[in-house]
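[1] structure for the following, please:
(2 chains)
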Amino acid sequence: MKDLLKLRNVRRVAQVFFFSLFLFFVFVTDLRYLKGYPVSLFLELDPLVAFATAITTHTVYMGLMWSLLLILPTLLFGRIFCNWICPYGILHHFTGWLLGKRRADERERIEANRYKKLYSLKYVILIAMIAAAIGGTLQIGWLDPICLFHRSMSTVILPALNLFVPSSVYVRQYFHVGAWIIGFMLLFLVGMNVLIPRFFCRVLCPLGAFLGTLSTAALWRIDRDPHKCVDCDLCLKSCEGASDPHTQLRKSECFVCFNCIEDCPEGAISFKFLPSLKREVSAPVVPARRAFLGTLIGLGFFAFGRTSGASDRNYDKKVIRPPGSVEEKDFLDRCIKCDQCIRTCPTNVLQPALMESGLEGVWTPILNMKIGFCEVNCTLCGQVCPTGAIQRITIEEKTGTGPFVDEGPVKLGTAFYDYGRCLPWAMETPCVVCEEVCPVSPKAIYSREVTILKRDGNPITLRRPYVDPALCIGCGICEHECPVTDEAAIRVSAVGETRSKDRRLLMDGGDVSSVRDLEKRQR
Amino acid sequence: MSSLNQADLGPDSGEAVSRREFLLRLGLTSALIAGAGLAARKLWQPKHFVPGFEKETGLQLANYALEPSKVYPSLAIAHGTEHEKTIRAAMTALGGMGRFIQKGDVVVIKPNVAFDRPPALAATTHPDALRAVAKLVMEAGASKILVADNPINSPTGCFLKSGLTAVASEMNLDLMYPEASSFAPLQLQGEILKHWTFFNAPFKKATKVIGLAPCKDHNLCHASMTTKNWYGLLGGRRNQFHQHIHSIVSDFALMMKPTLVILDGMNVLMSNGPTGGRLSDVKPMNTIVAGTDMVSVDAYGYSHLLERDIAELTYLHKAHDRGLGNINWEQTLHKEVQA
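    Have a look, this model is predicted:
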């Protein structure tokens, strides 16, 4: 009974609980099960997300206030998040145990858990990310563990699960552009546990670095009584953070896993309230020149990305952002690449970008109409977005109905015909599937009946389609349903999106929008 | 392996292997050679084929229709203001649901939930209509009701927002999503449809089929009613159907021989079909049309609910000319009632 109540068992219960909670949230981020679950809770608890978006936007968006909840225990106990709550940390703890040197002799394990200079890399990474944020681009999502784990779940793990067990996750198989890159990154990070236990947590994790910095001020700390200590180093046997409890504890590295306390045969180690700091390395060790280099890299990332022009004049027509997205530069200030929007999208249209939106926009969501289309009566992506890159708009605000008639609908882009590929225009064949599926009323796609002479001399009457740009909302279902499936005869491009004044197509008023004006009057 | 190595490296390594070991090793190698040969022979594909032109086969759908009756009408038109009362009145006029459904029947109800729309926009089968039909079918003693459709928009969203998910859980109906494993190839002697992938999962156990369609305008083929409703049982590249839309829709009348079809004309989508989108596209017509002949039902729907000239509805004429139904509904045994 006493054995059962050991600290590490209590910790294991917490780990199983938080990991299961994370998996539960990931699974229910689906139209069928979503109800009111706070599925982005782990992202909202993440203080690095709140801190970095506060730098870029000077605001703390909605649920990000919850991150205060996590700062409190960090200031009291240190990086307790890393080994008790963080689902990605728990994944690496578990896979490290599964794949690592658990059967190797004690000495080998002790050696693997000694502090290495390499472990200060994460602070340089954090500094670079904060410097980039100060410059004006949010890049924490590359390595923030919660973003990284959510992204891996949405784009790789769940689709793979559904591939092996059809219909277990999706009614129809989901696809994600470049999923293999995210997949191999996950495998690499997990696999590195063989060489260095908790490789990601110790070496790369910017959130760990952030919490490590905060824990400099923690009130409770691991303390070793040098009079009882016999220098056997057994406290290193299961030390998760590689925080050197056998000598001068590195508080910023300590995951507060408590293994050292129970592994010490002499009872020399305890978790103490306000111990002397003399026996500690109490703050992160980052050489100033490395910190300076990190700053340069971060500012350089921002400058190189921005001056490449992808978020400005040279924007790509494929950068069609989800409904409710803020203007592109603000979007890059907010999006943490967690891909929760991609997880919840009911049509699979949302895809992680590769280079479409430039260096800064890797893995941010864009719409791919070949894979899906934007459902008119749906704003789920904005509901789960923790940072407001996609604002939490309502259906009425999206469709420009009810009190929002004067503003009109949110447009994601505009559909254009490629008449050379269009069956009724180029190939004497009836079609207009695009008109059928166009969801706005009156339809943005209309057709005119023409009778033409076919090549064989016989007349044929068919309907030829047109787009009314004043009515088109850029949802892309026309492109998605076009029978010319490799490169559709109608394609949506980003121009005309309402989120950006610079990228609109039509002026308000005037002849072209007369149908739209008529529609307003009818309502 | 380790014992072999020891033998090789030992002091007696020059000695010949024992007879037993010799036979074992020879036998193992021979077995491997023979096994590889047999496996290759078994898996050998001696002839090429032309990709995309393989011979196709498929299942044939059962006939779910009743024997034609000389006593009961084959078409009933009921006017009323409430779904349940009006559908009940129409069914009573046809001779009661008991005429179609017997105790123990497994009944597929095929609604039209092609689009992710709320019920008020009349682009999908109304939840009150499904509830009423399910109730009547249960009262007639059916053991199970399956509700299945393959929508154009995302299936989960369509069922949820049309209100049918709620009715299914409330009435304990089996809602079937179009999963990849739900489809099987279908074979048909249609004008255009010969082989197509079909949403077969619901029909594996079905004994009766009821089509429950809203009455809608359609941009290309003028109207989507009970015949066009079967579109939602097909999978694959349906966006090619528009190239021969009237032939294809008339082929549906050949493909499916339902027990009963019901056309919900309580609120009719008069314009901007088949998607609609505004309440001004919808007009209350307060009518339910039920019958055993989808061509008659649709003929009434087109002329009296959508209020258009039946002469232009090419697919219905094609179906009539091919003997798949009777477009002249006035000449059939019919009954018009008030709920």
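[2] what residue, apart from its backbone neighbours, is nearest the closest residue to chain B within the stretch 401-523 of chain A spatially?
    Going by C-beta to the nearest C-beta, chain B is nearest to residue A:441 of the stretch 401-523 of chain A, at 3.0 Å. The C-beta positions use only the backbone N, C-alpha and C, and glycine is treated the same way. Leaving aside its chain neighbours, residue A:441 sits nearest to residue B:277 (3.0 Å; criterion: C-beta to C-beta, 6 or more residues apart in numbering or on different chains).
[3] any weak-confidence spans in the stretch 151-300 of chain B?
    Within the stretch 151-300 of chain B, no stretch has pLDDT under 70.
[4] which residues of it lie near chain A?
    Residues of the stretch 151-300 of chain B lying close to chain A by C-beta under 8 Å from any C-beta of the partner chain are B:152-157, B:160-161, B:177-181, B:218-220, B:237, B:239-240, B:242-245, B:272, B:274-278, B:280-281.
[5] can you select the buried ones from the residues you listed in PyMOL?
    What follows is the PyMOL syntax selecting those of those that are buried according to 16 or more other C-beta atoms under 10 Å in any protein chain shown:
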select buried, chain B and resi 152+153+154+155+156+157+160+161+177+178+179+218+219+220+239+240+242+243+244+245+272+274+275+276+277+278+281
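[6] out of the residues of the stretch 151-300 of chain B next to chain A, which are inside helices?
    Among these, the members falling in helices (DSSP state H) are B:155, B:156, B:157, B:160, B:161, B:245.
[7] all strands for chain A, in order.
    Residue ranges of the strands in chain A, as given by DSSP state E, are A:220-224, A:249-250, A:269-273, A:280-281, A:350-352, A:365-367, A:414-417, A:445-453, A:459-467, A:490-493.
[8] can you list contacts of the third one?
    Counting by C-beta atoms under 8 Å, 6 or more residues apart in numbering or on different chains, the neighbours of strand A:269-273 from elsewhere in the structure are A:219-225, A:235, A:245, A:256, A:258, A:260-261.
[9] who are the contact partners of the closest residue in space to residue A:281 that isn't next to it in sequence?
    The shortest distance from residue A:281 to any non-neighbouring residue, by C-beta to C-beta, 6+ apart, is to residue A:250 (4.6 Å). Taking C-beta under 8 Å, 6+ apart, we find residue A:250 in contact with A:115, A:241, A:243, A:244, A:280, A:281, A:285.
[10] contact residues of the stretch 151-300 of chain A facing chain B?
    Checking the stretch 151-300 of chain A against chain B by C-beta under 8 Å from any C-beta, the hits are A:166, A:167, A:171, A:172, A:173.
[11] out of those, which is most surrounded?
    residue A:171 (20 neighbours; other C-beta atoms under 10 Å in any protein chain shown).
[12] pretty sure that one sits against residue B:178.
    Yes - checked against C-beta atoms under 8 Å, the pair residue A:171 and residue B:178 is within contact range at 6.9 Å.
[13] which neighbours do these two share?
    With C-beta under 8 Å, 6+ apart, residue A:171 and residue B:178 have common neighbours residue B:155.
[14] now render the strands of chain A as CSV, adding mean pLDDT.
    Shown next, in CSV, are those (pLDDT from 0 to 100):
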stretch, mean pLDDT
strand A:220-224, 94
strand A:249-250, 94
strand A:269-273, 94
strand A:280-281, 91
strand A:350-352, 98
strand A:365-367, 98
strand A:414-417, 98
strand A:445-453, 95
strand A:459-467, 95
strand A:490-493, 98
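[15] what sits up against stretch B:309-323?
    B:191, B:221-223, B:227-228, B:245-250, B:253-254, B:295, B:298-299, B:302-303, B:325-328.
[16] circling back: list just the nearest of the contacts of residue A:250 to residue A:450.
    Ranked by distance to residue A:450 (C-beta to C-beta), those are led by residue A:241 at 73.5 Å.
[17] what is the burial count for the closest one?
    30.
[18] how about it: what's its closest non-neighbour residue?
    Nearest one to residue A:241, counting by C-beta to C-beta, 6+ apart, is residue A:255 at 3.9 Å.
[19] got the end-to-end distance for stretch B:326-339?
    26 Å (C-alpha to C-alpha, to the nearest Å).
[20] how many residues are close by residue B:185?
    Close neighbours of residue B:185, defined as other C-beta under 10 Å, add up to 15.
[21] now residue B:59
    Counted with other C-beta under 10 Å, residue B:59 comes out at 12.
[22] next, it: phi, psi?
    Dihedral angles of residue B:59 (phi, psi; degrees, to the nearest 10) stand at phi -80, psi 160.
[23] tell me the bridge partners for it.
    residue B:186 (DSSP bridges).
[24] picking up where we left off before, JSON lines for the ones in helices among the residues of the stretch 151-300 of chain B next to chain A, including distance to residue A:311?
    Compiled in JSON lines, those are given as follows (distance: C-beta to C-beta, whole Å):
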{"residue": "B:155", "distance to residue A:311": "36"}
{"residue": "B:156", "distance to residue A:311": "34"}
{"residue": "B:157", "distance to residue A:311": "32"}
{"residue": "B:160", "distance to residue A:311": "36"}
{"residue": "B:161", "distance to residue A:311": "35"}
{"residue": "B:245", "distance to residue A:311": "44"}
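[25] show me the two of those that sit farthest apart.
    Using C-beta to C-beta, the two most remote members of these are B:160 and B:245, lying 28.9 Å apart.
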